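# pasting a predicted model and its sequence here:
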Amino acid sequence: MTHLRFAVAVFGFAAALSAQSTGYIKARGNVGHAAVFVNGNYIGPAYRFGIPEKYSVPAGNVEVTFREPRYQDSTVKVTVTAGKTAKVHFAMTKLPVPEPPFGRLRLGGGEAESFMSVAAGDTGAVYLNDKYYGYVDELNDAGGGLLLKPGTYSLHVVSSRFGDLRREVTITANKVTVVPLVERAER
C-alpha cells in the first residue's frame, strides 16, 4: 500500500508540475483560417467557424507564427503565463493573386465532389513542397480544395486520424485531383 501511495503522490506532483509549465494561446486576426505555429511547430488553425481555438503551449516566451498560403507570414513574440490564456491579435498582408490556369487538389474519400466529409474536425496540417497550405478538414469539402498551378507537388499530410501521408501529386489544368484519405485502421 505504501508503494501505491508513493506512486499516486508522484503522479499528482508530476501533473501539478505539468499544469504549472503550460498556458494557452487564443488568436484573432484578419485571416481566420491561418495556421498557428508555436516555436516552429504547427498547433492548428487560429479559428474555425468564427470561434478562436484555444491551444496549450509551454509557459514562457514563445514565438507565434501565422501562416496562410495566400498571405505573407506574420510572427509575434508572446509571453505565456502558466495556467493563463494569452490573447494574440495578428494582421496578415495579402500576396498577389497568381494567374490561371489552375487545377484543384482535394483530400477525400474517392469521389471528386463527394458530399460526405471523411475528415470532419481533422485539423492535421497539409504541406505542399514543404510549405503549409491548410488543414485536412478544410480541403475535404465538396467544391473546396486548393487551386494550384499545373505541375507536380510533394504532398505531406500529418493527421492524427489518417497518419503521416507522403506522395507526389500531379495537378492538371481545369481538373480536380482527389487524394483519398484512408483511416489508419484500414491501411
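It's in.
# could you use CA atoms for every contact and neighbour count after this?
OK.
# so this structure: which segments form each domain?
With domains defined by automatic domain parsing, the chain comprises 2-90, 103-186.
# now do the same contact list for the closest residue to Tyr71 other than its chain neighbours.
Spatially, and ignoring its direct neighbours in sequence, Tyr71 is nearest to Lys94 (4.3 Å; C-alpha to C-alpha, 6 or more residues apart in numbering). By C-alpha atoms under 8 Å, 6 or more residues apart in numbering, the contact list for Lys94 reads Arg70, Tyr71, Gln72.
# which ones among those residues lie within helices?
The helices, defined by DSSP state H, take in nothing from the contacts of Lys94.
# make JSON lines from those residues and add pLDDT to it.
Shown next, in JSON lines, are the contacts of Lys94 (pLDDT from 0 to 100):
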{"residue": "Arg70", "pLDDT": "92"}
{"residue": "Tyr71", "pLDDT": "95"}
{"residue": "Gln72", "pLDDT": "96"}
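# turn the residues you listed into a markdown table, columns for neighbour count and distance to Ala86.
Below are the contacts of Lys94 laid out as a markdown table (neighbours: other C-alpha atoms under 10 Å; distance: C-alpha to C-alpha, whole Å):
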| residue | neighbour count | distance to Ala86 |
| --- | --- | --- |
| Arg70 | 16 | 26 |
| Tyr71 | 17 | 24 |
| Gln72 | 14 | 23 |
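# closest to Asp137 out of the residues you listed?
Nearest to Asp137, judged by C-alpha to C-alpha, of the contacts of Lys94 is Arg70 at 18.0 Å.
# find the nearest non-adjacent residue to that closest one, please.
Distance criterion C-alpha to C-alpha, 6+ apart; nearest residue to Arg70, sequence neighbours excluded, is Leu95 at 5.6 Å.
# how about low-confidence regions in this protein?
Along the chain, the parts satisfying pLDDT under 70 run over 1-20, 49, 109-120, 184-187.
# now with 50?
1-19, 112-113, 187 (pLDDT under 50).
# in it, which spans are helices?
Ranges of helices in the chain, per DSSP H, are 2-20.
# could you count how many residues lie near Phe162?
Number of residues near Phe162 (other C-alpha atoms under 10 Å) recorded here: 19.
# hmm, it is touching Leu181, no?
Yes: counting by C-alpha atoms under 8 Å, Leu181 is a contact partner of Phe162 at 6.6 Å.
# hang on, the earlier thing: can you put the contacts of Lys94 in CSV and add distance to Thr123?
Below are the contacts of Lys94 laid out as CSV (distance: C-alpha to C-alpha, whole Å):
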residue, distance to Thr123
Arg70, 18
Tyr71, 19
Gln72, 21
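# great, nothing more from me.
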